[in-house]
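A.B. asks: quick check, what structure comes out for this input:
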Amino acid sequence: MFNKSTQMLFMGILITSILLSISSNSWFVVWMGMEINMMSFMPMIMEQKNMMSKESSLTYFMVQTIASMLLIMSVIMLNIKKLNFTTINPMEMMLMSALMMKSGMSPFHFWMPKMMEGMNWNNCFILMTMQKIIPLMMMSNIIKINMLTMTAMMMSIFIGAIGGLNQTSLRKLMAYSSISNNGWMMAAMMISETTWVTYMLFYMMMTMIMTTTMNMYKNYHINQLISMNETTTKKFLLMMNMISISGLPPMMGFMPKWIVIQSTTNMNQLMLMGVMIMLTLITIYYYLRVMFTTMTLVNIEPKWNNNNSNKNYKMTTMMSVMSITSLTLITMMMTAN
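C.D. replies: Have a look, this model is predicted:
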């Protein structure tokens with residue numbers, strides 16, 4: 001395991017590479033930023049005595065390298081003026097496919113659940129949020145409403161819903177939830193850049209609360225959630241956050257989905273939106289299934305065995321703020337009308 005100064009160095013390079021890529025107007029500089037981003041994240045994944053983390057690092061390297069190769073090749077081919085395509089440009093499709101592979105969208109999602117299983121919660125948070133910023137930003141600049149994007153959007157939400165049903169691992173569950181949210185973000189891209197950036201910020205906030213809580217208790221599987229047995233309030237607040245991530249009203253996580261639903265409905269895409277909402281209901285089901293064990297089973301433990309009172313107090317305070325913020329959506333909905 002690296003010391004904190006090394007972690008800070010790689011984290012600094014990672015953030016710098018994201019800023020470099022999203023502020024550039026050259027495809028080459030964007031590609032260069034993505035490579036720096038990949039090389040700074042890989043050492044953060046690897047741990048000294050954990051073979052799974054080394055496997056995850058190698059998987060990430062292979063996938064990102066293949067995607068980068070496709071990306072740079074499609075950019076070069078797009079710049080060759082002699083190639084004229086009458087209907088759909090295969091190079092644009094290749095470029096979109098490379099970006100989908102980098103961000104873990106379906107049908108290029110297979111690496112993501114397997115990779116997350118070998119990482120700790122902090123790295124899972126970085127992978128689900130920060131590592132997606134560059135490919136999603138690039139995708140929002142070139143996205144077109146065609147069969148490829150519509151199919152990828154629907155497949156991401158479908159795979160994210162169905163894939164999470166059979167999981168007992170919390171990290172794999174979050175991976176499939178992330179794939180589902182990718183589909184919603186792609187739908188938000190078709191509306192405007194502001195919409196998908198808003199969606200991303202909400203998603204980052206809720207994922208941070210979830211991963212921080214699970215990292216504190218070292219919970220990696222559903223049957224370990226019974227360890228969170230100090231107070232019923234804390235478990236209830238965690239359940240509210242999980243429901244918020246799944247997008248059930250009136251929680252805060254429903255707000256970005258609500259914006260997408262309203263805008264897509266105004267564009268008369270009723271069939272598309274209906275299918276997306278029905279598939280997202282499956283996601284809500286498996287989040288509720290996760291919390292069912294925690295809320296119903298109680299393990300009695302003497303108070304003097306609990307040595308984390310100060311740390312737990314901080315966590316409860318943070319989760320309380322999150323839950324209060326979640327419920328403010330009701331007021332916002334009332335004032336909007």
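
A.B. asks: helices of the stretch 1-150 of the chain, residue ranges please.
C.D. replies: Taking DSSP state H, counting those that start in this stretch as the criterion, the stretch 1-150 of the chain contains helices spanning 4-22, 27-45, 51-78, 90-103, 111-116, 121-128, 130-142, 147-163.

A.B. asks: report the contact partners of residue 182.
C.D. replies: 103-106, 132, 156, 160 (C-beta atoms under 8 Å, 6 or more residues apart in numbering). C-beta here means a position set from N, CA and C on the backbone, and glycine is covered the same way.

A.B. asks: of the residues you listed, closest to residue 119?
C.D. replies: Closest approach between the contacts of residue 182 and residue 119, by C-beta to C-beta: residue 104, at 13.5 Å.

A.B. asks: low-confidence regions, the stretch 101-250 of the chain specifically.
C.D. replies: Judged against pLDDT under 70, the low-scoring parts of the stretch 101-250 of the chain cover residues 227-232.

A.B. asks: kindly indicate which of the contacts of residue 182 lies nearest residue 4.
C.D. replies: Among the contacts of residue 182, residue 132 lies closest to residue 4 (C-beta to C-beta), at 25.2 Å.

A.B. asks: how about that closest one, nearest residue that isn't a chain neighbour?
C.D. replies: residue 103 (4.7 Å; C-beta to C-beta, 6 or more residues apart in numbering).

A.B. asks: swap in residue 33?
C.D. replies: Using C-beta to C-beta, 6+ apart and skipping residues adjacent in sequence, the residue nearest residue 33 is residue 21, 3.3 Å away.

A.B. asks: before we move on, the earlier item: any idea which of the helices of the stretch 1-150 of the chain gets closest to residue 238?
C.D. replies: Nearest to residue 238, of all those, is helix 121-128, at 13.9 Å by C-beta to C-beta.

A.B. asks: for that closest one, name the packing helices and strands.
C.D. replies: helix 27-45, helix 111-116, helix 170-189, helix 193-217 (3 or more C-beta pairs under 8 Å, 6 or more residues apart in numbering; DSSP states H and E).

A.B. asks: alpha carbons only: can I get it in CSV?
C.D. replies: The C-alpha trace of helix 121-128 is given here as CSV (Å, rounded to 0.1, in the frame of the first residue of the first chain):
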residue,chain,number,x,y,z
TRP,A,121,-14.3,1.7,-1.8
ASN,A,122,-12.3,4.9,-2.4
ASN,A,123,-11.0,3.7,-5.7
CYS,A,124,-14.5,2.5,-6.6
PHE,A,125,-15.7,6.0,-6.1
ILE,A,126,-13.0,7.5,-8.4
LEU,A,127,-13.8,4.9,-11.1
MET,A,128,-17.6,5.5,-11.0
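
A.B. asks: can you give the contact residues for that helix?
C.D. replies: Contacts of helix 121-128 (C-beta under 8 Å, 6+ apart): 14, 41, 44-45, 112, 115-116, 119, 171, 174-175, 178, 207-208, 211-212, 214-215.

A.B. asks: if any of those are buried, put those into a PyMOL selection.
C.D. replies: PyMOL command restricting the contacts of helix 121-128 to the buried ones, with burial defined by 16 or more other C-beta atoms under 10 Å:
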select buried, resi 14+41+44+45+112+115+116+119+171+174+175+178+207+211+214
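
A.B. asks: restricting to C-alpha, output stretch 57-66 in PDB.
C.D. replies: The C-alpha trace of stretch 57-66 is given here as PDB (Å, rounded to 0.1, in the frame of the first residue of the first chain):
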ATOM      1  CA  SER A  57      -5.200  -2.700 -12.600                       C
ATOM      2  CA  LEU A  58      -4.200  -5.000 -15.500                       C
ATOM      3  CA  THR A  59      -7.900  -5.200 -16.700                       C
ATOM      4  CA  TYR A  60      -8.200  -1.400 -16.600                       C
ATOM      5  CA  PHE A  61      -4.900  -1.000 -18.500                       C
ATOM      6  CA  MET A  62      -6.000  -3.500 -21.300                       C
ATOM      7  CA  VAL A  63      -9.500  -2.000 -21.700                       C
ATOM      8  CA  GLN A  64      -8.400   1.600 -21.700                       C
ATOM      9  CA  THR A  65      -5.500   0.900 -24.100                       C
ATOM     10  CA  ILE A  66      -7.800  -0.800 -26.600                       C
END
